[in-house]
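Engineer: Quick one, what's the 3D model for this:
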Amino acid sequence: MEISQHTWRRDALLLLVAIGLFFCIGLGARPYLTPSEARYIELPRQMLATGDWLTPRIDGVPYFEKPPLFYWLQASVMGLLGNGEFAGRIATAFIATLLCLLTYATGRLLHERRSGVLAALVLATSVMGYGLSRVAMLDMPVSVFLTLCFACFLAAQKAALPQRRYFYWAMYAAAALAMLTKGLIGIVIPGLVIGAWIALSRRWHLIKEAQLLPGLAIFLAIVAPWHALMALRHPDFLNFYFIHEHFTRYLTDSHKRGEPWFFFTLVTLAGLLPWTGLLPAALKSSFAQRQNPGTLFLLSWVFLPLLFFSASHSQLVPYILPIFPPLAILIGNYLAALWVKRLPSHHLRYTAMFTVALFAVAIVGYYTLPLPKNDDNKIAFTALSTLTLLPIILALMTLSCVIVRRSTAPALIAALALLGIITDLAANYSIAALDRATVKPLLAMKGHLIHANDAVVAFGSYFQDLPVYLNRNVTVAGWQGELEFGATHYPETQPWMISADEFWQGCPFYPHDIFVFMKKTTFSRLSMPRNCPLHVIAEYGKTVLLERHPQ
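Structural biologist: Numbers count the residues shown, from 1 in each chain. Modelled structure (predicted):
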């Protein structure tokens, strides 16, 4: 028993250091992605600026779409380290490391030590696992709490009877934290997976054993205070938050994010690269062992959330992250079973096919998709290709040697891990060239001209990273978008959430400089009044910066 506890601690420490350092490399190498990542930096920035940690805001406008747990964490870190990209992403990198540790722990709990270690390796080096470890969004923290919830439930099944209640209590607490991170999926996904597993395995006694009343008390103690306080301060909150942002979003295409039913299947296959080639064989082996309760639970954990998210009318790539830990465990366990065996030929075919797809989609897609092939895109693509493809080709050569020689699983694992690491790092440093929506380069060029009394205006669009990099609110003219609810329900936002006509009427009389950010498409059809001339002083990507001096 002592040896087992020692290996648990040693593995956890080694994985924490190795994966944590891997995820921290290059965190500040590129600007915040817009709109999503910049939004989740602006929300905690507002908490720090206003001192109000109850009501989430964007640019001073109340924003009720999501609960605040991640904003609180981000604000705490940013209060110490500032608004820079490294500071804004370090919490996510740490949370992603915890997700890999939980994946290791769950894989080891269900199978054995090697399975857990390999599962953590698969998740950490996959495109999705690595990619979302360096983006400040809600999907990584909610995946951690959902994984913790499932891990506690599984641990309860293996614990001695007197200790089971503690794991169940932790399970309810984890579900509550998931709900306080991203809403109702914190209870829907655990209820769906655990309920289905109980039914399929006919373990109905667990319903009585699962500490429902104490668990409900724990859940409400964590979740209820913020929701109750928000309802007291904002009478329209509960209707907008639960009805509009949960049920309407899921059941209708109100947010214009609908995709084909197979969207998340394709995202999963791409997100698992470079390990995708092993997935068919791993699933086949798992289905053959579905009578095993642990394997059945993992399969339920993969396919039921996949079906749930695929049925939604609101679909974005990161939503599917919660199924990646069980997928990594299935692949890790399959590789552990092959550790000392020579790889079968079908492994090599699948692995080679999906590895080639990693590059074919990126390269062929650029020339075939209906994207504007302007000079900016060509320069960006050249930068991406030069920096990324050379090291990836070297890793592919290593992988090819493994395939040709029909090596054992450790050699294939090492080659795929090397490919994943090199691809991830190279893409992280080179992908900034493809981000043509950020305003950071414009501020780097002309930000020194903007003074405290000058007006900064986002015209016709809202640039989510603009208040983040300026560290101040901006005026938004001729746009409401996702801020429509807050702008229309809270009259105090009217001074800076204005119409285009209000901007043009007030422009000639403003006593200081005015700096206007707008999309190039908006500028191309802009008709300016003579008494408010705006002059272009800089442009980058999709955005132009205009200035007006006081007359």
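
Engineer: Show me the strands in the chain, by range?
Structural biologist: Here the chain has its strands, by DSSP state E, at 57-58, 61-62, 455-459, 475-477, 497-498, 514-519, 535-540, 543-548.

Engineer: Just checking: what are the partner strands of the fourth one?
Structural biologist: Spelled out, it's strand 475-477. strand 455-459 (parallel), strand 497-498 (parallel) (DSSP bridges).

Engineer: mind listing what's buried in stretch 426-441?
Structural biologist: 426-435, 437-441 (16 or more other C-beta atoms under 10 Å). No exception for glycine: its C-beta is placed from N, CA and C like everyone else's.

Engineer: State the pair within those that is farthest apart.
Structural biologist: Ala426 and Val439 (25.6 Å; C-beta to C-beta).

Engineer: Which parts of the chain belong to which domain?
Structural biologist: Following automatic domain parsing, the chain resolves into domains at 2-30+64-238, 345-434, 440-548.

Engineer: Now do stretch 450-466, average pLDDT.
Structural biologist: Stretch 450-466 carries an average pLDDT of 95.

Engineer: can you check stretch 513-528 too?
Structural biologist: Rounded mean pLDDT across stretch 513-528 is 93.

Engineer: just to revisit the earlier point, please identify the deepest-packed of the domains of the chain.
Structural biologist: domain 2-30+64-238 (a mean of 19; mean count of other C-beta atoms under 10 Å).

Engineer: Relative to the whole chain's centre, how far out is that domain?
Structural biologist: 14 Å (C-alpha atoms, centre = their mean, to the nearest Å).

Engineer: change the start of the numbering to 54 and stick with it
Structural biologist: Noted, 54 is the first residue going forward, which turns the last one into domain 55-83+117-291.

Engineer: if we can go back for a sec, and of the buried residues of stretch 479-494, the nearest to Gln264?
Structural biologist: For the buried residues of stretch 479-494, the nearest to Gln264 is Asn481 (43.1 Å; C-beta to C-beta).

Engineer: show me the contacts for Phe568.
Structural biologist: By C-beta atoms under 8 Å, 6 or more residues apart in numbering, Phe568 lies in contact with Lys499, Leu502, Ile503, Asp507, Ala508, Val509, Val510, Leu598, Leu599, Glu600.

Engineer: ok, now which ones touch the nearest residue to it once chain neighbours are set aside?
Structural biologist: Spatial nearest neighbour of Phe568, chain neighbours left out: Val509 (5.1 Å); criterion: C-beta to C-beta, 6 or more residues apart in numbering. Val509 sits next to Ile503, Leu519, Leu523, Arg525, Val527, Thr528, Phe568, Phe570 when contact means C-beta under 8 Å, 6+ apart.

Engineer: so the first one makes contact with Leu523?
Structural biologist: Yes: counting by C-beta atoms under 8 Å, Leu523 is a contact partner of Ile503 at 7.1 Å.

Engineer: Common neighbours of these two, please.
Structural biologist: With C-beta under 8 Å, 6+ apart, Ile503 and Leu523 have common neighbours Leu496, Val509.

Engineer: Run a quick neighbour tally on Ser367.
Structural biologist: Neighbourhood size, Ser367 [other C-beta atoms under 10 Å]: 19.

Engineer: Test my guess that it contacts Tyr303.
Structural biologist: Yes: in this structure, Ser367 is within contact of Tyr303 by C-beta under 8 Å, at 6.4 Å.

Engineer: Show me the buried residues of stretch 479-494 that map onto helices.
Structural biologist: Ala479, Ala480, Asn481, Tyr482, Ser483, Lys493, Pro494 (DSSP state H).

Engineer: Assess the claim that the third one and Gly81 are in contact.
Structural biologist: In other words, Asn481. No: using C-beta under 8 Å as the test, Asn481 is too far from Gly81 to be in contact (10.6 Å).

Engineer: picking up where we left off before, can you redo the strands paired with strand 528-530 as JSON lines with distance to Arg62?
Structural biologist: Written out in JSON lines, the entries for the strands paired with strand 528-530 read as follows (distance: least, C-beta to C-beta, whole Å):
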{"stretch": "strand 508-512", "distance to Arg62": "51"}
{"stretch": "strand 550-551", "distance to Arg62": "53"}
